[in-house]
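**Student:** no FASTA, just this:
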Ligand SMILES: C[S@@+](CC[C@H](N)C(=O)[O-])C[C@H]1O[C@@H](n2cnc3c(N)ncnc32)[C@H](O)[C@@H]1O
């Protein structure tokens, strides 16, 4: 089984954005239902909990069973799912720090599951965007991380606003808010 993705700059950028945005969202909706696709080590589930979302309103999903078991061991509700395959219900906030890099044959296959989104980097993101609208509450929001290296994103009908960015050596990371 592939290793659990260890938190990196992308995880920390999304965590920082959550720190700014979740308190505002909670002011409007104390019962905010939060879903993370690709919860990995659980770092962002922990952030959501620390910021005041009730544990019973925090849900995680991952395609890596090892990550699912790890998040469960942290006492989070987490399921095995390929994107929304096994997800039920609707959420006020759905976040995803996806595999966003174009395929690089020198990267070990083991870590590709967490980092690589097909030839252009956008394969998993585009499938996520296609499915996500069925799982959003009315006025629900998506926070999605992408990179300047990710090409070919199909944003569909979503309105998008940049919530954060960070320049790294080879790329720039962005966090987008998407809504209808
Ligand atoms: C870049 S890591 C992010 C992990 C964690 N959220 C963080 O920020 O550190 C991407 C995560 O998405 C998961 N993943 C990849 N493809 C997926 C899919 N199709 N459905 C669900 N999860 C997926 C990977 O297993 C990995 O845990």
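**Tutor:** Received it, and whenever you're ready, just let me know what you need. Given the structure is predicted, the values throughout are model-derived calculations rather than measurements.

**Student:** which residue sits closest to residue 77, ignoring its sequence neighbours?
**Tutor:** Distances taken as Cβ to Cβ, 6 or more residues apart in numbering put residue 59 closest to residue 77, at 5.3 Å, once the chain neighbours are dropped. Just so you know, the C-beta spots here come from the backbone N, C-alpha and C atoms, and that holds for glycine as well.

**Student:** what residues are up against that neighbour?
**Tutor:** 33, 34, 35, 36, 76, 77, 78, 79, 87, 91 (Cβ atoms under 8 Å, 6 or more residues apart in numbering).

**Student:** at 7 Å instead, please
**Tutor:** Applying Cβ atoms under 7 Å, 6 or more residues apart in numbering, one finds that residue 59 lies in contact with 34, 35, 77.

**Student:** quick check, nearest of those to the ligand?
**Tutor:** Closest approach to the ligand among those (Cβ to the nearest ligand atom): residue 35, at 11.2 Å.

**Student:** The host helix or strand of the closest one - what's its average pLDDT?
**Tutor:** If you go by DSSP states H and E, residue 35 is part of strand 34-37. The pLDDT scores in strand 34-37 average 98.

**Student:** Moving C-terminal from it, which element do we reach first?
**Tutor:** helix 43-50.

**Student:** one step back: got the phi and psi for the residue nearest to residue 77?
**Tutor:** When read as degrees, to the nearest 10, the backbone of residue 59 gives phi -130, psi 140.

**Student:** Report pLDDT for it.
**Tutor:** Looking at residue 59, the pLDDT reads 98.

**Student:** and it, what are its bridge partners?
**Tutor:** With DSSP bridges applied, residue 59 shows beta-bridge pairing to residue 35, residue 77.

**Student:** ok so, going back, contacts (any at all) between the ligand and the strand holding residue 35?
**Tutor:** Yes. Strand 34-37 reaches the ligand (Cβ under 6 Å from any ligand atom) through residue 37.

**Student:** So what touches the helix-or-strand element of the chain with minimal mean pLDDT?
**Tutor:** Least confident element among the helices and strands of the chain, by mean pLDDT, DSSP states H and E: helix 109-115 (a mean of 88). The contact list for helix 109-115, computed with Cβ under 7 Å, 6+ apart, reads 2, 3, 5, 40, 63, 64, 99, 101, 107.

**Student:** if you set the cut-off to 6 Å instead, what comes out?
**Tutor:** 2, 5, 99, 101 (Cβ atoms under 6 Å, 6 or more residues apart in numbering).

**Student:** Repeat that for stretch 161-175.
**Tutor:** 9, 10, 13, 14, 17, 143, 145, 146, 147, 148, 149, 177.
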